[in-house]
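*Asks:* coords please:
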Amino acid sequence: MPLAVDTFVMSAFQSNCYVVRVERGAPEAAVVDPGDDPTELRLDLARMGAKPGGILVTHTDVDHIAGVAALADGTGAEVWAPDKEVEALRKGMTRGNFPVGAHDPAHVVNGGDEITVAGITFDVIDVPGHSEGHVAFHHDGELFAGDLLFAGSIGRYDLPGGDWETLLASVRALIERFPPETVVYPGHGAKTTLGRELQTNPFLAELRA
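*Replies:* Residues are numbered from 1 along each chain as shown. Sure, this is the predicted structure:
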């Protein structure tokens, strides 16, 4: 059964925060990448009759973690953050020197880990390229991919810790591992599928060759 996924577009960066539940009406949700003041998000969760069962962080850029500390401290929800980028969250200073609320997460994750949050089991996948320690979270054909891959585009790779060849290798690994109908929930913009991006994304022409 597909997950119940609600999308909240946050901050001037228009980043996607996902509220993920095993089904509509489930009392707990996994919150992926809360990138701004979570006050409205908490109100929406209350209207859903759900509370945060945990917070998942794909990478520690400001537009994906600006609301993590406030949401975690305000609700008691534990945080799962990528091991190679966790110091940005702990220090409260992200790539590009953007200040955010500091938070020491209860859990750090690496590719190959399996975690259960809000009753949902996710596989953690290393997908560096946009940033050095970027991870994605996968559950049964649904992939929360952060800023690796977008509908018709890809994440930036010109910032410290980014690299084009590494990003392309991460996308290639996903395409080889998962079927084309795998749904991609990106950090910005509309959802897509791995197959659609392989066929049409202009940045992936090398993978089609």
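*Asks:* for Ile55, list each beta-bridge partner.
*Replies:* Counting by DSSP bridges, Ile55 is bridged to Val31, Val79.
*Asks:* what about it, neighbour count?
*Replies:* The burial count assigned to Ile55 is 30, neighbours taken as other CB atoms under 10 Å. All C-beta atoms are positioned from the backbone trio N, CA, C, and that covers glycine.
*Asks:* quick one, helices of this protein?
*Replies:* Counting by DSSP state H, one finds helices in the chain at the ranges 39-48, 62-65, 68-75, 86-91, 164-177, 194-200, 205-208.
*Asks:* and the first one, C-alpha only, in CSV?
*Replies:* What follows is the C-alpha trace of helix 39-48 in CSV, where atoms were taken according to Å, rounded to 0.1, in the frame of the first residue of the first chain:
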residue,chain,number,x,y,z
THR,A,39,4.6,26.6,13.6
GLU,A,40,2.2,26.2,10.7
LEU,A,41,3.4,22.6,10.1
ARG,A,42,2.6,21.7,13.7
LEU,A,43,-0.9,23.2,13.3
ASP,A,44,-1.4,21.2,10.1
LEU,A,45,-0.2,18.0,11.9
ALA,A,46,-2.7,18.7,14.6
ARG,A,47,-5.5,19.1,12.1
MET,A,48,-4.5,15.7,10.7
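*Asks:* can you start the count at 54 instead of 1 from here on
*Replies:* Got it, first residue is 54 now, which makes that one helix 92-101.
*Asks:* so, low pLDDT: which residues of this structure?
*Replies:* Of all residues in the chain, none has pLDDT under 70.
*Asks:* surely Val177 touches Thr169?
*Replies:* No - counting by CB atoms under 8 Å, Val177 does not reach Thr169; the two are 11.5 Å apart.
*Asks:* same drill for those two, tell me which one is more crowded.
*Replies:* Per other CB under 10 Å, whichever of Val177 and Thr169 has more neighbours is Val177, with 21 against 12.
*Asks:* end-to-end on stretch 252-262?
*Replies:* Stretch 252-262 has an end-to-end distance of 11 Å (criterion: CA to CA, to the nearest Å).
*Asks:* what does that stretch rub up against?
*Replies:* The contact list for stretch 252-262 (CB atoms under 8 Å, 6 or more residues apart in numbering) reads 202, 205-207, 221, 224-225, 228, 250-251.
*Asks:* and Val132, how many residues sit next to it?
*Replies:* 24.
*Asks:* and it, what does it touch?
*Replies:* Per CB under 8 Å, 6+ apart, neighbours of Val132: 107-110, 121, 125, 142, 156, 158-160.
*Asks:* could you dump the helices of the chain to a markdown table with distance to Asn150 and mean neighbour count?
*Replies:* Below are those laid out as a markdown table (distance: least, CB to CB, whole Å; neighbours: other CB atoms under 10 Å):
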| stretch | distance to Asn150 | mean neighbour count |
| --- | --- | --- |
| helix 92-101 | 25 | 14 |
| helix 115-118 | 9 | 26 |
| helix 121-128 | 17 | 19 |
| helix 139-144 | 10 | 18 |
| helix 217-230 | 23 | 17 |
| helix 247-253 | 32 | 17 |
| helix 258-261 | 33 | 10 |
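*Asks:* among the ones you listed, which comes closest to Asp86?
*Replies:* Among the helices of the chain, helix 115-118 comes nearest to Asp86, with 4.2 Å by CB to CB.
*Asks:* cool, thanks, talk later.
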